[in-house]
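> Here is my input; please provide its structure:
(one chain, ligands or ions: 1)
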Amino acid sequence: MINKEKDIKLPLKRIISNNFFMIKMMNKASPGLFLINILFNVWFSLSDFIFYTLMLRYIINGIGRDIKFLPLVTTLLVWLVLQIIMRFLSDLYYQKYYSMKLNEVFRYVHTVVYKKAEEVELGCYENPKFYDGFVKAISECQNRTGQIINTINQVVYRVVHFSADFILLTVIDPFLLLFVILPVLVAPLKVKFNKIAYSRTVKTQINNRRRDYSQRVFYLADYAKELRLTNMPGLMIKCFREASLKNMKILKEHGVKLAVMAYISAFISEILAPLGATFYSVWKTLGVKTMAYGDCVVVINSIDNLANTLTNSADILMKFQENALFIENLREFLSYEPKIKEGELCLKEKGSLVLNNVFFKYDGAKDYTLKNVSIEIGPNEKVAIVGHNGAGKSTLVKLLLRLYDPTRGSITYAGQNVKNYRLKEFRNAFSVVMQDFHIFAMSVFDNVMLKKHNEENREKVKSSLEKSGLYPKIESFANKEDTIMTREFDDKGEQLSGGEQQKLAIAHVYSKENRFVILDEPSSALDPIAEYEMYERMREACKDCGIIFISHRLSSAVTADKIYLMEDGTVAESGTHRQLMEKKGKYASMFLKQAENYGEVE
Ligand code: ADP
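Numbering: from 1, shown residues only. I've put the predicted structure just below:
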């Protein structure tokens, strides 16, 4: 993703191309929106010019001359009717169609971004530069899209108005153009001002993020307990304060320089240019009497607008640049080629899942996390992968699910490299309950199905909840399986306990057809006996699929068809419980030690 310091130097060609990219995207999302918007802005601009400039000039120049009252009133009336109609149309357009169309654009851009977010591999979340751009692409896309449209509206309005004023002033007296040009001289100063102000803002961003993190910690439910049970609030307030103070220091930097630059440019464009033009026109009108009264009024009236348009053109360019930077980020994000590639094969017959001499290293890590791992899991086999924390068990699961691909070696399913299968279809063959599973702030129904569903699935959801042992609890809620989890969006929402949440996560496993079920220590809140019972229930319910259960507790592995003991990223031992106990190796000694602790030696 792009580097902010480098951002400031985005070439003009890229700025233009980025803005066109967004316009194309908007047009795709809502055909016609862009064109209608431009037409309305051309109309607004021209009607302002005609009414407040041309009409004013016509009336004042007509006073004292032989102005005909009737044609004037008729023209005014026609104009008034036209204004009434256009005002009605524009209000209807902006209040109804425009907001709806804009919403369509937001929805389209969000959908494109979300789809891409789904595609990028897990490793991207560990790459800070990419992650930063990724977060910006998602979090800023609505505001930025709105800003881009506003900027284009402003440009259209200003360019039309400026051109009309410019032509009129040239007709009245070409010498007046000198005063119009004056603000152009300060444009480079404005550009410099904007650059310094922008880089100051960029510098504050890192502190803003730190500040926002402290802020989040205070309102996110995840941290609520720790905040109350520890002295973290004091530490978080300190972090918040430090980030704010660092920002104060940055904001103080160049403060005087910016003030002087702002003053000079304002003096030239907002005082010198209008005042000069006013004195000149008054002299021409009252002194040498070569300028008509109406022309004088028009000059005084429009010089300010002309000067402002020119001075602010630097601001508008800056906005274009800023928008272009966001679009650059978005384009880079959308054009990112995921490292986990799609395959073409459909899953057909059932088969074994096999790891052949797999090595795996995380991006940026020095050592391999998995080293020469070879494992075979039969279609209906119940396999336990055990080992101490940090042995590489969860990493192995991530590779099985193609969240990462092996650095060396291969994983096959039914004899085919898993890379050859369609990714979604392959992943869908698994049901996974992770160690750090999440319950979504949606209904129980949604949390069990974890996909779009309809009424026909209700019975399935009920039976899944029954199998996981959570149904009695859900039945006690007024809205039963339509109850929303958490009270974040619904006063009638319910909060489940840790153990109940686990049961809800496990209910999902029963709601679909699986080829393999992976349980990555989802039962950490259960005691060894409850964990054992949960595994046994699942073994009973999932007879026709493979089960891979990961645990550091060996008691759950006793009845597995096969056990793999992982140690330091390798398979240290494998076999059935009986074989491994007879071997009297690492597994046997670990098992005896754990059993002793729980006082349940067979
Ligand atoms: P286990 O599930 O057996 O507890 P893990 O597979 O979670 O072990 O971790 C194995 C090793 O890989 C640990 O040393 C851990 O620090 C490292 N590790 C895990 N996830 C990442 C990651 N995303 N990036 C770098 N190293 C990681």
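> Spell out which parts of the protein neighbour the ligand.
Proximity of the chain to the ligand (CB under 6 Å from any ligand atom) is limited to residues 126, 362, 365, 369, 387, 389, 390, 391, 392, 393, 394, 395. In this view, the C-beta of every residue, glycine as well, is placed from N, C-alpha and C.
> Switch those over to JSON lines; also include neighbour count, secondary structure and pLDDT.
Converted to JSON lines, these look like this (neighbours: other CB atoms under 10 Å; DSSP: H, G, I helix; E, B strand; the rest coil; pLDDT from 0 to 100):
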{"residue": "126", "neighbour count": "13", "secondary structure": "helix", "pLDDT": "73"}
{"residue": "362", "neighbour count": "16", "secondary structure": "coil", "pLDDT": "91"}
{"residue": "365", "neighbour count": "10", "secondary structure": "coil", "pLDDT": "87"}
{"residue": "369", "neighbour count": "22", "secondary structure": "coil", "pLDDT": "95"}
{"residue": "387", "neighbour count": "26", "secondary structure": "coil", "pLDDT": "89"}
{"residue": "389", "neighbour count": "8", "secondary structure": "coil", "pLDDT": "86"}
{"residue": "390", "neighbour count": "14", "secondary structure": "coil", "pLDDT": "89"}
{"residue": "391", "neighbour count": "23", "secondary structure": "coil", "pLDDT": "91"}
{"residue": "392", "neighbour count": "22", "secondary structure": "coil", "pLDDT": "92"}
{"residue": "393", "neighbour count": "23", "secondary structure": "helix", "pLDDT": "91"}
{"residue": "394", "neighbour count": "18", "secondary structure": "helix", "pLDDT": "89"}
{"residue": "395", "neighbour count": "19", "secondary structure": "helix", "pLDDT": "92"}
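> now for these, which pair is the farthest apart?
Maximum pairwise distance in the residues of the chain next to the ligand, criterion CB to CB, is 22.7 Å, between 126 and 387.
> What's the first helix or strand after the longest helix seen in the chain?
Counting residues, the longest helix found in the chain (DSSP state H) is helix 128-172. Counting by DSSP states H and E, the next helix or strand C-terminal to helix 128-172 is helix 177-181.
> In terms of secondary structure, what does that next one contact?
Applying 3 or more CB pairs under 8 Å, 6 or more residues apart in numbering; DSSP states H and E, one finds that helix 177-181 contacts helix 128-172, helix 273-282, helix 293-334.
> What segments of this protein are strands?
Applying DSSP state E to the chain gives strands spanning 353-360, 370-377, 382-386, 408-413, 416-417, 430-433, 516-520, 546-551, 562-567, 570-575.
> got these as a markdown table, with mean neighbour count and mean pLDDT columns?
Formatted as a markdown table, these follow (neighbours: other CB atoms under 10 Å; pLDDT from 0 to 100):
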| stretch | mean neighbour count | mean pLDDT |
| --- | --- | --- |
| strand 353-360 | 19 | 95 |
| strand 370-377 | 20 | 95 |
| strand 382-386 | 25 | 92 |
| strand 408-413 | 18 | 95 |
| strand 416-417 | 14 | 94 |
| strand 430-433 | 22 | 90 |
| strand 516-520 | 23 | 90 |
| strand 546-551 | 24 | 89 |
| strand 562-567 | 22 | 94 |
| strand 570-575 | 17 | 94 |
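> Next, format these as JSON lines and append distance to residue 54.
Formatted as JSON lines, the strands of the chain follow (distance: least, CB to CB, whole Å):
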{"stretch": "strand 353-360", "distance to residue 54": "74"}
{"stretch": "strand 370-377", "distance to residue 54": "77"}
{"stretch": "strand 382-386", "distance to residue 54": "82"}
{"stretch": "strand 408-413", "distance to residue 54": "75"}
{"stretch": "strand 416-417", "distance to residue 54": "74"}
{"stretch": "strand 430-433", "distance to residue 54": "71"}
{"stretch": "strand 516-520", "distance to residue 54": "74"}
{"stretch": "strand 546-551", "distance to residue 54": "79"}
{"stretch": "strand 562-567", "distance to residue 54": "83"}
{"stretch": "strand 570-575", "distance to residue 54": "85"}
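> Can you say which of these is nearest to residue 82?
With CB to CB as the yardstick, what comes closest out of the strands of the chain is strand 430-433 (65.0 Å).
> Pull the residues that contact that closest one.
397, 400-401, 502, 505-506, 508-509, 512, 514-520, 522 (CB atoms under 8 Å, 6 or more residues apart in numbering).
> Show the contacting residues for residue 277.
So residue 277 contacts 176, 179, 180, 299, 300, 303 (CB under 8 Å, 6+ apart).
> can you check residue 60 too?
So residue 60 contacts 292, 293, 294, 297 (CB under 8 Å, 6+ apart).
> excluding its backbone neighbours, what's nearest it?
Among residues not flanking residue 60 along the chain, residue 294 sits closest, at 3.6 Å (CB to CB, 6 or more residues apart in numbering).
> per-residue confidence at the one you found?
Looking at residue 294, its pLDDT stands at 90.
> And it, how far from the ligand?
74 Å (CB to the nearest ligand atom, to the nearest Å).
> that older thread, could you give the angle of the longest helix of the chain to helix 273-282?
Orientation of helix 128-172 against helix 273-282 (axes from the mean of the first three to the mean of the last three CA atoms, to 10 degrees) gives an angle of 10 degrees.
> Run through the neighbouring helices and strands of helix 128-172.
Right, helix 128-172 is packed against helix 12-29, helix 33-49, helix 99-119, helix 177-181, helix 293-334 by 3+ CB pairs under 8 Å, 6+ apart.
> among these, which is the most enclosed?
helix 293-334 (a mean of 20; mean count of other CB atoms under 10 Å).
> So which elements touch that one?
helix 12-29, helix 56-62, helix 99-119, helix 128-172, helix 177-181, helix 187-219, helix 273-282.
> As CSV, those with distance to residue 445 would be great.
Listed next are the helices and strands packed on helix 293-334 as CSV, based on distance: least, CB to CB, whole Å:
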stretch, distance to residue 445
helix 12-29, 31
helix 56-62, 65
helix 99-119, 22
helix 128-172, 26
helix 177-181, 66
helix 187-219, 27
helix 273-282, 66
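> Give me the local confidence score for residue 206.
In this model, residue 206 carries a pLDDT of 80.
> I meant residue 304, not that one.
With respect to pLDDT, residue 304 scores 80.
> Make TSV out of the contacts of residue 60 and add distance to residue 564.
Shown next, in TSV, are these (distance: CB to CB, whole Å):
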residue	distance to residue 564
292	96
293	96
294	93
297	90
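> for those, which one is nearest residue 99?
Of the contacts of residue 60, the one sitting nearest to residue 99 (CB to CB) turns out to be residue 297, at 38.1 Å.
> The closest one contacts residue 58, correct?
No: in this structure, residue 297 is not within contact of residue 58 by CB atoms under 8 Å, at 11.2 Å.
> re the thing from before, nearest to residue 464, out of the helices and strands packed on helix 128-172?
For the helices and strands packed on helix 128-172, the distance to residue 464 is smallest for helix 99-119, at 24.4 Å, taking CB to CB.
> could you give the angle of the closest one to helix 128-172?
Here helix 99-119 points in a direction 150 degrees away from that of helix 128-172 (the same axes, to 10 degrees).
> residues touching residue 488, list them.
Neighbouring residues of residue 488 by CB under 8 Å, 6+ apart: 221, 441.
> Could you pull up phi and psi at it?
Phi and psi for residue 488, reported as degrees, to the nearest 10, are phi -60, psi -40.
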